[in-house]
Structure formats: C-alpha cells, structure tokens
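K.L.:
Quick one, structure for this:
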Amino acid sequence: MGYWVLAVAALFLVARFLWRAYKHPAHTLVRQAAHMNSVAAGTVRDANGYRNTKVSRGPYEAVVSYQTGSVQLTTPASPQSLVDFVEVERWLATRGSTSTADGQVEYFERIEEYITAMGWYDRLLAL
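P.N.:
Numbering: from 1, shown residues only. Predicted coordinates:
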C-alpha cells in the first residue's frame with residue numbers, strides 16, 4: 001500500500017513540473033510564434049547564461065528571452081523588448097524597415113520625376 005502512495009506523489013510532482021514548464025512565459029511565446037508561422041532558428045546564450053530561443057519567419061528574426069519572458073526583434077533590430085509576437089507584428093507594420101519593393105517604387109518615382117523635369121509628362125508608374 002505504501003508504494004502506491006509514493007507512486008501517486010511522484011506522479012503528482014512530475015505532472016506539476018511539466019505543467020509549470022508548459023505555462024512558462026517563454027514557452028508560451030515560442031508556441032505563439034509557431035502559431036504565427038515562425039520556425040525555430042536555434043538558441044542564443046545571454047550574459048546571464050540563459051539559453052534563449054531564436055525564431056525566424058522570412059527575413060525577420062527574433063529572440064525569445066527565457067529570463068524576462070519578452071521578445072527582442074533582431075532583424076530588423078528594434079530598440080526595445082516587445083511583450084509578444086502580436087506587438088512584434090504591430091511594430092513591423094508601423095515602424096518596420098522598408099522592403100525591397102518599397103525601394104523599387106522609390107527608384108521608379110525618382111525616374112519619373114527626372115523624366116517630368118526633362119519635359120515629358122507621361123506617368124511612368126502607370127505603365
């Protein structure tokens with residue numbers, strides 16, 4: 001009878017440990033990143049020795065801090081830590097870096113301005 005009590009106690013401790021690991025803020029953020037189509041890109045150790053998870057999606061890369069439970073966008077670099085990946089998406093939408101398509105549009109706008117300055121008035125970008 002005593003073995004059953006020890007087995008139940010050991011099972012309870014293991015289940016408690018697994019539940020605490022599942023509910024940790026860093027693990028929750030990694031699951032959120034996975035649901036938003038990010039993939040694991042490795043781990044990075046910080047100054048305190050914590051092994052942080054690096055995730056990437058397309059040209060964007062972020063590090064999930066295990067110690068603070070926050071997200072640091074590394075590519076493009078954000079100046080502050082962000083709360084979660086929803087805030088990362090908002091940051092990218094409002095203050096994100098310009099993409100190559102934006103650079104190409106700017107290039108064609110400059111060409112159009114030059115052509116207009118030379119006396120031609122057809123819109124280049126309308127083509």
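K.L.:
The residue most central in space within the chain in helix, strand or coil?
P.N.:
Within the chain, the residue whose C-alpha comes closest to the C-alpha centroid is A62; the distance, by Cα atoms, centre = their mean, is 4.2 Å. Here A62 is strand, with the state taken from DSSP: H, G, I helix; E, B strand; the rest coil.
K.L.:
Let me know whether it touches E89 as I believe.
P.N.:
No. Checked against Cβ atoms under 8 Å, the pair A62 and E89 is beyond contact range at 10.8 Å. To be clear about C-beta, it is placed using only N, CA and C from the backbone, and glycine gets the same treatment.
K.L.:
Break this protein down into its structural domains.
P.N.:
By the assignment in automatic domain parsing, the chain contains the domains 25-96, 98-127.
K.L.:
after the longest helix along the chain, next one along is what?
P.N.:
The helix that spans the most residues within the chain, counting by DSSP state H, is helix 2-22. Moving toward the C-terminus from helix 2-22, the first helix or strand encountered (DSSP states H and E) is helix 25-35.
K.L.:
what angle do that following helix and helix 2-22 make?
P.N.:
Compare the direction of helix 25-35 with that of helix 2-22 by axes from the mean of the first three to the mean of the last three Cα atoms, to 10 degrees and you get 60 degrees.
K.L.:
List the contacts of L82.
P.N.:
Shown in contact with L82 (Cβ atoms under 8 Å, 6 or more residues apart in numbering): S70, V71, Q72, L73, V88, W91.
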